[in-house]
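Visitor: Here is the input, now give the coordinates:
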Amino acid sequence: MKAIITVTGKDTTGIIANVCTSLAGNNVNILDISQTVMQEYFTMTMLVDLEKSTKSVTEISQELEDLGKTMGLVIRTQREDIFDLMYRV
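Guide: The predicted model follows:
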């Protein structure tokens with residue numbers, strides 16, 4: 001299964017490193033990543049593959065949300081199929 005992860009918040013050192021470390025620890029493969037800093041705000045969108053993870057998308061989502069809270073960020077995870085349905089025109 002694939003998922004879309006979004007990360008937003010004030011820019012600080014280590015955002016990408018911490019999110020990627022969490023994903024790697026759960027055997028989640030990053031397929032695509034886009035990030036930018038707009039003034040002092042950081043935004044990142046990732047497409048990830050969860051096929052090799054032993055955890056559910058819900059468990060990974062909760063871990064990332066908790067990580068975001070400790071870093072002062074908002075981290076959201078959506079299954080790719082649901083994301084596609086929400087943004088279909």
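Visitor: Any regions of this structure where pLDDT drops low?
Guide: Within the chain, the stretches with pLDDT under 70 are 80-89.
Visitor: Longest helix in it, please.
Guide: Secondary structure of the chain read by DSSP state H shows that its longest helix is helix 57-71.
Visitor: Contacts for that one, please.
Guide: Contacting residues not belonging to helix 57-71 are listed as 1, 3, 5, 7, 9, 12, 14-15, 18-19, 22-23, 26, 28, 50, 53, 55, 73-77, 79 [Cβ atoms under 8 Å, 6 or more residues apart in numbering]. Every C-beta, even on glycine, is put in place using the N, C-alpha and C of the backbone.
Visitor: And the helix or strand following it, what does it pack against?
Guide: Downstream of helix 57-71, the next assigned helix or strand under DSSP states H and E is strand 73-79. Taking 3 or more Cβ pairs under 8 Å, 6 or more residues apart in numbering; DSSP states H and E as the contact definition, the neighbouring helices and strands of strand 73-79 are strand 2-10, helix 57-71.
Visitor: Let me have the ones you listed in TSV, extended by distance to Asp32.
Guide: Rendered in TSV, the data for the helices and strands packed on strand 73-79 read as follows (distance: least, Cβ to Cβ, whole Å):
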stretch	distance to Asp32
strand 2-10	10
helix 57-71	17
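Visitor: Double-check that Ser53 belongs to a helix.
Guide: No - if the criterion is DSSP: H, G, I helix; E, B strand; the rest coil, then Ser53 is coil and not within a helix.
Visitor: My read is that it contacts Ala24, right?
Guide: No - the criterion here is Cβ atoms under 8 Å, and Ser53 misses it with Ala24 at 10.5 Å.
Visitor: Looking at the two now, which is surrounded by more residues?
Guide: Neighbour comparison, Ser53 and Ala24: the larger count goes to Ser53, with 18 against 11 (by other Cβ atoms under 10 Å).
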